[in-house]
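Trainee: For reference, the sequence and a predicted model appear below.
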Amino acid sequence: MVEDADEPPVFIVSSYSFDVEENAPAGTQVGRVHAKDTDVANNVVRINSEDGMITTTRPLDREAQAWHNISVSATEI
């Protein structure tokens with residue numbers, strides 16, 4: 001989540017539907033979703049959706065911006 005973003009990320013399609021067989025083993029892949037961040041130019045970090053690694057998207061310049069606040073959240077629905 002980027003605090004200075006004007007627009008939240010949006011899903012590529014309006015809804016997803018997945019089917020899982022009864023008694024499927026733990027670890028069964030259910031499906032994949034994809035969202036696009038229209039404010040990507042404002043992001044100073046990227047979070048890899050596969051391994052969770054946070055990396056910078058460009059060199060950080062303390063004279064241009066003294067600090068960056070990065071907040072990451074996960075929710076259960």
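Mentor: Arrived safely, thanks for sending.
Trainee: Partner strands of the helix-or-strand element of the chain with minimal mean pLDDT and their direction?
Mentor: Least confident helix or strand of the chain, by mean pLDDT, DSSP states H and E, is strand 35-36 with a mean of 70. Paired strands of strand 35-36, with direction, are strand 10-11 (antiparallel) (DSSP bridges).
Trainee: ok, and what's touching the partner strand?
Mentor: Applying CB atoms under 8 Å, 6 or more residues apart in numbering, the contact partners of strand 10-11 are 33-36, 38. In short, each C-beta sits where N, CA and C put it, glycine included.
Trainee: cutoff 7 Å now
Mentor: 33, 35-36 (CB atoms under 7 Å, 6 or more residues apart in numbering).
Trainee: ok, back up a step: and the least confident helix or strand of the chain, how far out from the chain middle?
Mentor: Strand 35-36 sits 8 Å away from the centroid of its parent chain (CA atoms, centre = their mean, to the nearest Å).
Trainee: burial of the closest residue to residue 16 other than its chain neighbours, as a residue count?
Mentor: Closest residue to residue 16 apart from its sequence neighbours, by CB to CB, 6 or more residues apart in numbering: residue 33 at 5.5 Å. Residues lying near residue 33 (other CB atoms under 10 Å) number 12.
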